[in-house]
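# here is a sequence with its predicted model. Questions after.
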Amino acid sequence: MIKITFLDGNVKEFEKGISAGEIAQSISSGLRKKSVAAKVNGEMYDLSRPIEEDAKLELITNDMIEAFDILNHSTAHLMAQAIKSLWPNAKFGVGPNIENGFYYDVDVEPALVESDLAKIEKEMKRLASKAEVITRQVVSKEEALEMFKDDPYKVELIQDLEGTITVYSQGDFTDLCRGVHLPKTSDIKHFKLMSLAGAYWRGDSKNKQLQRVYGTSHFTKEGLDNYLKFLEEAEKRDHRKLGKELELFFLSEFGPGFPFFLPKGMAVRNELENLWHEEHAKAGYQEIKTPIMLNKELWEISGHWFNYRENMYTSEIDDVEYAIKPMNCPGSILVYKNDLHSYRDFPIRMGELGIVHRHEFSGALHGLFRVRNFTQDDAHIFLTPDQIESEIIGVIELIDKFYSGIFGFEYHIELSTRPEKAIGSVEIWDMAEKALANALEHKGIEYKLNPGDGAFYGPKLDFKIKDAIGRTWQCGTIQLDFNLPERFDLTYIGEDGQKHRPVMIHRVVYGSMERFMGILIEHYAGAFPTWLSPVQVKVIAVSNEHHGDYAKEVTNVLKDAHIRVENDLRDEKLGYKIRDAQVHKIPYQLVLGDNEAKEKTVTYRAYGKQEQITVSLDDFVSMIQEEIKSKKHKD
């Protein structure tokens, strides 16, 4: 007999070799129906896998995130089985679950085309209807190599494996896999194959390019339908599409990954930068500017040359090797070292909107989200150990002011602690982690703990914002660093007159100006709040001949009031001009006719609303100025 301890602390005895599925059935058939896998002493188990010793048991039910991952991984195997059935010569790379679904890398001739996805889906449904049991088998390395001798990709993976090797089978299809899986193929019902892409084997451009087939799988039809609707909405909000339509930015084949900002895009960007300057000045930051290119020796001291070299762009000047900066930190450190410091100077807060360059594979580039040059809104804070908690609170309050107060984002915070490979003493790490946790608790902020996920040089807080359609984006971060002050021999004179090592905080609010702007485009679906909109008011004359002069007068008044305005005096019909202003998502459009010109009023309509309101020109200017000043965000 073995003892099984449940999450509620209850302990029951069962026959040795019983499975988690049988235990669930013994409790209730409903629980067994909902269960898809189990954790046995913290290890994931298939429901059918025998339990051979005393264990703590947690059943994974279909409403848990782990269940979604298991479903999608199982669906990836079902897709591979279908592809093998239709194209017997197919060879397979890897097929993991990912955030919203799964993919499988496949090598097949002839190459798959988009129209093949429907054919594969149909075969998947046929195979799923057979309700084949999915079984796990432990094999030796030699047995695994023999089983997959005709698939060079699996052979390569097996040769790198040590320890237990497992394979999973369903019908006549067997795949190399760690697991876990659903009990049978008929548990997979609601899925959709989404797209095809190219992917180099093992992410190395020197290897063959395979085809990556993406899909998504859900436990209910409603779940699948909702996800597909979400994708439709996300597509409408795609910042690359809106960036072109709204004339914000473009990308050129002459500079892949190097975005070009157009005048309207610069209007948005300048507002974001102005906001950053204003709020950081209020919060006691001093702004600096450091060079884009610095000597190789600096990057050797910082460690980037040895750990980040493949992502750096380099050049030679006077036979000396230089690197374009991938990060701003070493430059800020040189500014710190430019002067002597006392404990009385601390904390020293240095802010920089610094342009950095990082080499990204061309296949990874994605609009403004993944680029090769971008502006980080960096700040580096130098402080004494006993100032950590209060300074972290200050940074949290500043980030909250941006995210919640100005942009109206919901967000959560994750605390990542000491990883296995970490520098510095355990005592310093414990103090730093406690300071981060205390700061959050002092503010009454709930947080998620990510044990062992900190940077090698210090623990960190990551801020993850939620956009209008529920997607999560990591933007802000606060990182404690004990490494670079040591590497660069940073010191300050303490109260005792002796030299001491300062603590360094790295932090960003936007993260990257480009990426944050892309997030805002999608969050607002291009309809920016008035203060941020590239054009805040569109002036339209009912008749250019009769009302054009008044339209110009109104335009000049708005410009003098520092309101971004355009007038539309094109020889087009009124309805066309109004629709065009709507298409460009301009917050306010003014339609000026006889009454407006005579009474010196304006009739305005806000974007997305049908109501037309007539007010005096002065009142309209005051209203817009107040809306811009308050930085009112969209509800």
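Good, I have the coordinates.
# okay, CA-based contacts and neighbour counts for the rest of this
OK.
# contacts only, for F14.
Neighbouring residues of F14 by C-alpha atoms under 8 Å, 6 or more residues apart in numbering: M1, I2, K3, I4.
# right, I mislabeled it, should have said E566
With contact taken as C-alpha under 8 Å, 6+ apart, E566 is in contact with V535, V537, K538, V539, T555.
# could you rerun that using 7 Å?
When the contact criterion is C-alpha atoms under 7 Å, 6 or more residues apart in numbering, the partners of E566 are V535, V537, K538, V539.
# next, count neighbours for the second one.
Under the neighbour criterion other C-alpha atoms under 10 Å, V537 is assigned a count of 25.
# and the first one, by the same measure?
The tally of other residues near V535 (other C-alpha under 10 Å) stands at 22.
# for it, which non-adjacent residue is spatially closest?
R564 (5.2 Å; C-alpha to C-alpha, 6 or more residues apart in numbering).
# work out for me the element I413 sits within.
Per DSSP states H and E: I413 is located in strand 410-416.
# how about that strand, which residues are buried there?
Within strand 410-416, the residues that qualify as buried are Y411, H412, I413, E414, L415, S416, counting by 16 or more other C-alpha atoms under 10 Å.
# show me what it packs onto, helices and strands only.
Contacts of strand 410-416 with other secondary structure elements, assessed using 3 or more C-alpha pairs under 7 Å, 6 or more residues apart in numbering; DSSP states H and E, are made with strand 447-450, strand 460-466.
# the longest one pairs with which strands?
Strand pairing for strand 460-466, determined by DSSP bridges: strand 410-416 (antiparallel), strand 472-481 (antiparallel).
# avg pLDDT for that strand?
Along strand 460-466, the predicted confidence averages to a pLDDT of 93.
# run through who's touching that strand.
Strand 460-466 is touched from outside by 409-416, 454, 472-480, with contacts defined as C-alpha under 7 Å, 6+ apart.
# doesn't L298 lie inside a helix?
Yes. With the criterion set as DSSP: H, G, I helix; E, B strand; the rest coil, the secondary structure at L298 is a helix.
# where does this protein have low pLDDT?
Applying pLDDT under 70 to the chain picks out residues 634-635.
# need the residue closest to the centroid of it.
W473 (3.9 Å; C-alpha atoms, centre = their mean).
# show me what whatever helix or strand Q625 lives in is packed against.
With the criterion set as DSSP H and E, the secondary-structure element containing Q625 is helix 617-630. Helix 617-630 is packed against no helix or strand, with contacts defined by 3+ C-alpha pairs under 7 Å, 6+ apart.
# restricting to C-alpha, output it in CSV.
What follows is the C-alpha trace of helix 617-630 in CSV, where atoms were taken according to Å, rounded to 0.1, in the frame of the first residue of the first chain:
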residue,chain,number,x,y,z
LEU,A,617,-14.5,79.1,-30.6
ASP,A,618,-13.0,80.4,-27.4
ASP,A,619,-14.9,77.7,-25.4
PHE,A,620,-13.8,75.0,-27.8
VAL,A,621,-10.1,76.1,-27.4
SER,A,622,-10.4,76.1,-23.6
MET,A,623,-12.0,72.6,-23.7
ILE,A,624,-9.3,71.1,-25.8
GLN,A,625,-6.5,72.7,-23.9
GLU,A,626,-7.9,71.4,-20.6
GLU,A,627,-8.2,67.9,-22.1
ILE,A,628,-4.6,68.0,-23.4
LYS,A,629,-3.3,69.4,-20.0
SER,A,630,-5.1,66.7,-18.0
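# would you mark the buried spots in that helix?
By neighbour count, with 16+ other C-alpha under 10 Å as the criterion, the buried positions of helix 617-630 are L617, F620, V621, I624, Q625, I628.
# the last one and L532 touch, don't they?
To tie it back to what came earlier, the one meant is I628. No. Counting by C-alpha atoms under 7 Å, I628 sits too far from L532 to count as a contact (8.1 Å).
# the residue nearest to the centre of the chain: what's it in contact with?
With contacts defined as C-alpha under 7 Å, 6+ apart, the neighbours of W473 are K464, I465, K466.
# ok, those vs K33, which is closest?
Distances from K33 to these, taken as C-alpha to C-alpha, are shortest for K466 (33.1 Å).
# neighbours of that closest one, how many?
By the other C-alpha under 10 Å criterion, the neighbourhood of K466 contains 17 residues.
# cool, and the one 5 residues further on?
As a burial measure, the neighbour count of R471 was computed by other C-alpha under 10 Å and equals 13.
# now do the phi/psi pair for it.
Its backbone dihedrals place R471 at phi -80, psi 150, with angles given as degrees, to the nearest 10.
# enumerate every residue touching it.
By C-alpha under 7 Å, 6+ apart, R471 lies in contact with nothing.
# same question for the one 3 residues further on.
Residues touching Q474, when contacts are defined by C-alpha under 7 Å, 6+ apart, comprise D462, F463, K464, I465.
# over to R178?
When the contact criterion is C-alpha under 7 Å, 6+ apart, the partners of R178 are T166.
# look up how far T614 lies from it.
Plainly put, R178 is 68 Å away from T614 if you go by C-alpha to C-alpha, to the nearest Å.
# how is the protein partitioned into domains?
Using automatic domain parsing, the domains assigned to the chain come out as 2-61, 66-236, 262-290+325-523, 291-324, 537-630.
# packing partners of the lengthiest helix in the chain?
In terms of residue count, the longest helix belonging to the chain (DSSP state H) is helix 65-86. With contacts defined as 3+ C-alpha pairs under 7 Å, 6+ apart, the secondary structure elements packing on helix 65-86 are strand 97-98, strand 101-107, helix 116-129, strand 209-218.
# count the residues that sit near Y227.
Using other C-alpha under 10 Å, the number of residues around Y227 comes to 16.
# which SS class is it?
Local secondary structure at Y227 is given as helix here, using three-state DSSP.
# which ones are touching it?
With contacts taken as C-alpha under 7 Å, 6+ apart, Y227 has no neighbouring residues.
# let's see 10 Å
Shown here is Y227, whose contacts under the criterion C-alpha atoms under 10 Å, 6 or more residues apart in numbering are N100, T216, S217, H218, K221, E233.
# ok, back up a step: make TSV out of the helices and strands packed on strand 410-416 and add distance to L592.
Formatted as TSV, these follow (distance: least, C-alpha to C-alpha, whole Å):
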stretch	distance to L592
strand 447-450	53
strand 460-466	40
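# which of the ones you listed sits most buried?
Of all the helices and strands packed on strand 410-416, strand 460-466 has the most neighbours on average by mean count of other C-alpha atoms under 10 Å, namely a mean of 22.
# export that one as CSV, just CAs?
Included here for strand 460-466 are C-alpha records, laid out as CSV according to Å, rounded to 0.1, in the frame of the first residue of the first chain:
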residue,chain,number,x,y,z
LYS,A,460,14.2,42.3,-10.3
LEU,A,461,10.7,43.4,-10.5
ASP,A,462,8.9,43.1,-13.9
PHE,A,463,5.8,45.2,-14.7
LYS,A,464,3.3,43.5,-17.0
ILE,A,465,0.6,45.7,-18.5
LYS,A,466,-2.7,44.5,-19.9
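# what about that strand, distance to the chain center?
Centroid displacement of strand 460-466 relative to its chain, using C-alpha atoms, centre = their mean, to the nearest Å, is 10 Å.
# I'd say V138 and R49 touch.
No. V138 is beyond contact range of R49, at 11.3 Å (criterion: C-alpha atoms under 10 Å).
# which residue of these two possesses the greater neighbour count?
Ranked by neighbour count (other C-alpha under 10 Å), V138 and R49 place R49 first, with 18 against 13.
# rewinding a little: out of the strands paired with strand 460-466, nearest to D318?
Using C-alpha to C-alpha, the nearest of those to D318 is strand 472-481, at 33.8 Å.
# after the closest one, next one along is what?
On the C-terminal side of strand 472-481, the nearest following helix or strand under DSSP H and E is helix 483-487.
# three-state assignment of the closest residue in space to D594 that isn't next to it in sequence?
If you skip the residues right next to it in sequence, D594 has H547 as its closest partner in space, 7.1 Å away by C-alpha to C-alpha, 6+ apart. When classified by three-state DSSP, H547 comes out as helix.
# hang on, isn't H547 packed against G593?
Yes. Contact criterion C-alpha under 10 Å: H547 and G593 qualify, at 6.0 Å.
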